[in-house]
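Trainee: Give me a model of this one.
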Amino acid sequence: MAKGVQKIRCVKGKYYPKMSVQNEKVVIVPDQFVYFMVSEWYPDTTEEEKKRDLTWMRQDTGRKTIIRQMTLPISKMYGVKLPKKLCGPYSYYVEASLFGKRDPANTGLYVNGHCPARIVSSKWSTRNGGSDERKSKKFAYGETVYLNLSTEGLNGCTDLSIEIYNIQNLRGDKRIFTYNRIHVTDGEINLEIRNTSSWQPLVSNIQEEEKFYIKVKNGIGQYIIDDNNDDIHARFLRIKNELVSNEPERPKNLTPVRIGKPQLNMERYEPCKFETISITEVEEKNGKAQQKKIVVFDNGKNLSEIRSVPELVNRTVYFTFDSAAIESQSRSVLDNTLRFLLEHEHSTITLNGYACVIGKADYNKALSLERSQGIKQYLTEGGLNPNRIISNGKGEILSDNNRENDTKDGADNLRYKDEKEYIEARRVDISFTFYGHDAHTVIYETIAPSSDRNITIDVTGFETKSCFRNDKNKHEKKITVSSPEYNSKIEISGESVQIPIHSALSVLNIAPLQYIWPKWNLIDGIGGRGLDSAVLYNAYINSCRYFSNEKKVTVLIKAYPDIKWTLEFKWNHKQAFAYSYGRAMHPYDIKTGQKKVIGSVLDGAMAAEYGEMDQSFELSLEAEWNKGTQKIEIAKEFGEKIAKTLRLFLKIKKTADAITKSPVNGGKISFEIKAPVIAVSLQWSLERASQTSKEIGAAIELGVESKPLLEANGNINLWKIFTEYGANALCPGAGTIIRFVLDHLEGNVGMHFLVIFIGAINVKGRIRGNTLLPAEADGKVETTGKIGVSVEFKAWAKAEVGWAGFDGYIKANVDTSITAGVGTEFDKHGVAGYPLFEFAGIVAKYVAVGTVKFGIFKRTFSMSGEYVIVEENKASFNKFHIVGPYE
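Mentor: Predicted coordinates:
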């Protein structure tokens, strides 16, 4: 009954059809993968067998040595990629096996790579595989010299020639020697030259130091060039005019020295493995329970700090008395070891054979080597490269008890041959280094209530039966989870485990202010230092292929509180930032003016002396957690308080003073810089940034509204005076000037909060986003009116309950007095802004013809005149986070 793979074919990738032979050979393009799959099965292969994993083998051209072997699911294509150095006439044989054994029939394909022939690099050394010494050493004639050339497109060539040239000053360089039948192995030429003494008499006009270089010629007489189209290589070998005693010998083609370990990011195919890890949990959104499954690990992708960790593996094969034959029970050990070694091409194997003390020592020495060589032959016949195997015969093993009594009457007595110590001495120890897998722990963040809720960890493709470690250190198919919250670790054999998790926030916490930023536990209060607030759960999932170190956490689950904060805030500054009125004003507003200016001056003095201003605000801060079952209101209305204020307000006071002391003051004008009423609503909690993200961020929703308290059409009260008392109520004949002031001046002397404004202004808007995805924030804060408004607040309540704020962005416009807008910005830390206040000054660019006698400006203007009423004033502020930082 014929079962298994009968044919394979190339299914994907670039190759050269004209160079290829159907069902025999594929010639591929270098440096990119070409993929293969099964195209035909032997007739007796069952459908169930066709679903099994396949063992793919890349062998040498003679099909004796397996260069690399890997086991893949039937659905996964097998890829071959040949770098340019492995391109050339050399063919690799690729086949697939259902049962892990090579098929003597031609079920596979030969694979070659093709690219232009090139010499890439060269070096002269004193030993094979040594460093380049052409600049550091002067050789002597007769010394053995090793030439190494790295090539492209020549792998497998056996008919190259190397010509040695000597530089001749003032004449053409001389070819003094030619080496033929040069081989290229694994893309390298490694030539041992043992006849340099023969060069000396061939050098014309020999000097104290001679320089040599080479040319390489292919089988049809063409010289091989480098990337610069140069056919001269290995410049220069320097030889001093000295001869050392050395009998010339024929040159030798050597094999490249191979020392290394696996590439960190290469795919791994150890049969002791797992493929994916996912976490499933139930999350509530909009009042509905949703089951979410997130893949946190997928076949080694996107890991950080990947390392190849060397681990020593030991196996032992036992023999019967006076025999080197491999017992049947030992063959399974050797077969498993062979499969492992074929899938780990960077391991060098040491075989140490031993014998018991019965018999002559010389005989036992030879027997121990025969046992070791027998194991080597078994592995080599299985496809292992013999160059990877070091075989030793160590001879007899003597215990401390019989070391001094190795005689026929003592330890060397046939009657002891079946004792445990003697049986264990008849063995071969197999040792090799395995480069295991280690990487930075995978972090998975989630949100949990105060009480337990379950999450499920699932592992796919979990198989440890073929683990090659020693018995006591073998990987097991199990999931272990530990946590400071558990009385004992949870350990389940299999591919799935359900574990309870909860957050650190207790249901009994009556004022959970230390979790005001839910990812942090602010142990020293809101303004103090903080610790990560997560409860930690450590999941251990280990195999040879991934996370081979059982002491290293594979997945760290971080459970954060499900607390949700809602802030409602209203702020009002009680006094005008600045107020003035003229000495000659109509009695209509003098009484009001006196009250306002007294409050403003007192508030200004308090700000200058104590850094505080007269404010009142209302604050409501509510928290809910543990699936919304726990709620608490932290603060309500605080009433009128004197509260510490940002330096921002003090800077605005300075600007107000500059305007108050300007020529605007003292006339028949009332001037006021008002403070707004600000309403802010803010809600924040932790939320997964996307459906597939392992991280959670702060979801923030911010709403703001500011309604200025405007009188008439600005802060100058002239409109009411003019409409109620007439233009001449202020001064006979003043109607023209009043109309001028209303048309051209009024909007430029009213200032709300930070900016000069014309007309009514309102700020209102809402923005929502996640700190992990700042670019995806939606919503906006809009300014309605002719000029935008910047509002900002950050204040401490006396009870130190919390702080909240909002900020915008303002910039001056050279074409107008000032423009303003409001912008908000999400980043990974929270909501950020950058306040800038620049008052460009008040400039009258158009004036009425004539003289103002009642004294607004107290001078005469002309239509072409320009008068600076208030000098420019600038206050700048650093960027800061209004909400956050959370990280």
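Trainee: Report the buried residues of stretch 497-504.
Mentor: 497, 499, 500, 501, 502, 503, 504 (16 or more other CB atoms under 10 Å). From N, CA and C alone the C-beta is placed, and that goes for glycine too.
Trainee: With distance to residue 357 and pLDDT as extra columns, can I get those in CSV?
Mentor: Formatted as CSV, the buried residues of stretch 497-504 follow (distance: CB to CB, whole Å; pLDDT from 0 to 100):
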residue, distance to residue 357, pLDDT
497, 52, 95
499, 56, 95
500, 60, 94
501, 61, 94
502, 64, 92
503, 67, 90
504, 65, 86
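Trainee: what comes up buried for whichever strand or helix holds residue 380?
Mentor: Using DSSP states H and E, residue 380 sits within helix 361-381. Across helix 361-381, burial judged by 16+ other CB under 10 Å covers 364-376, 378-380.
Trainee: Alpha carbons only: can I get it in PDB?
Mentor: Taking C-alpha atoms only, helix 361-381 is exported to PDB below (Å, rounded to 0.1, in the frame of the first residue of the first chain):
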ATOM      1  CA  ALA A 361      41.200  -1.000  29.100                       C
ATOM      2  CA  ASP A 362      42.400  -0.700  25.500                       C
ATOM      3  CA  TYR A 363      39.600  -3.000  24.300                       C
ATOM      4  CA  ASN A 364      37.000  -0.900  26.200                       C
ATOM      5  CA  LYS A 365      38.500   2.300  24.800                       C
ATOM      6  CA  ALA A 366      38.000   1.000  21.200                       C
ATOM      7  CA  LEU A 367      34.500  -0.300  22.200                       C
ATOM      8  CA  SER A 368      33.400   3.100  23.500                       C
ATOM      9  CA  LEU A 369      34.500   4.800  20.300                       C
ATOM     10  CA  GLU A 370      32.700   2.100  18.200                       C
ATOM     11  CA  ARG A 371      29.500   2.800  20.200                       C
ATOM     12  CA  SER A 372      29.900   6.500  19.600                       C
ATOM     13  CA  GLN A 373      30.600   6.000  15.900                       C
ATOM     14  CA  GLY A 374      27.600   3.800  15.600                       C
ATOM     15  CA  ILE A 375      25.400   6.600  16.900                       C
ATOM     16  CA  LYS A 376      27.000   9.000  14.500                       C
ATOM     17  CA  GLN A 377      26.400   6.700  11.500                       C
ATOM     18  CA  TYR A 378      22.700   6.300  12.600                       C
ATOM     19  CA  LEU A 379      22.200  10.100  12.700                       C
ATOM     20  CA  THR A 380      24.100  10.600   9.400                       C
ATOM     21  CA  GLU A 381      22.100   8.000   7.600                       C
END
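Trainee: by contact count, what packs against the following helix or strand past it?
Mentor: Using DSSP H and E, the helix or strand that directly follows helix 361-381 along the chain is strand 389-396. Under the contact criterion of 3 or more CB pairs under 8 Å, 6 or more residues apart in numbering; DSSP states H and E, strand 389-396 touches strand 349-355, helix 361-381.
Trainee: Any chance of those in CSV with mean pLDDT and distance to residue 11 as columns?
Mentor: Shown next, in CSV, are the helices and strands packed on strand 389-396 (pLDDT from 0 to 100; distance: least, CB to CB, whole Å):
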stretch, mean pLDDT, distance to residue 11
strand 349-355, 93, 35
helix 361-381, 94, 32
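Trainee: JSON lines for these, including distance to residue 270?
Mentor: Listed next are these as JSON lines, based on distance: least, CB to CB, whole Å:
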{"stretch": "strand 349-355", "distance to residue 270": "17"}
{"stretch": "helix 361-381", "distance to residue 270": "18"}
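Trainee: between the ones you listed, which gets nearest to residue 181?
Mentor: Between residue 181 and these, the tightest spacing by CB to CB is seen for helix 361-381, at 26.3 Å.
Trainee: what angle separates that closest one from strand 389-396?
Mentor: 160 degrees (axes from the mean of the first three to the mean of the last three CA atoms, to 10 degrees).
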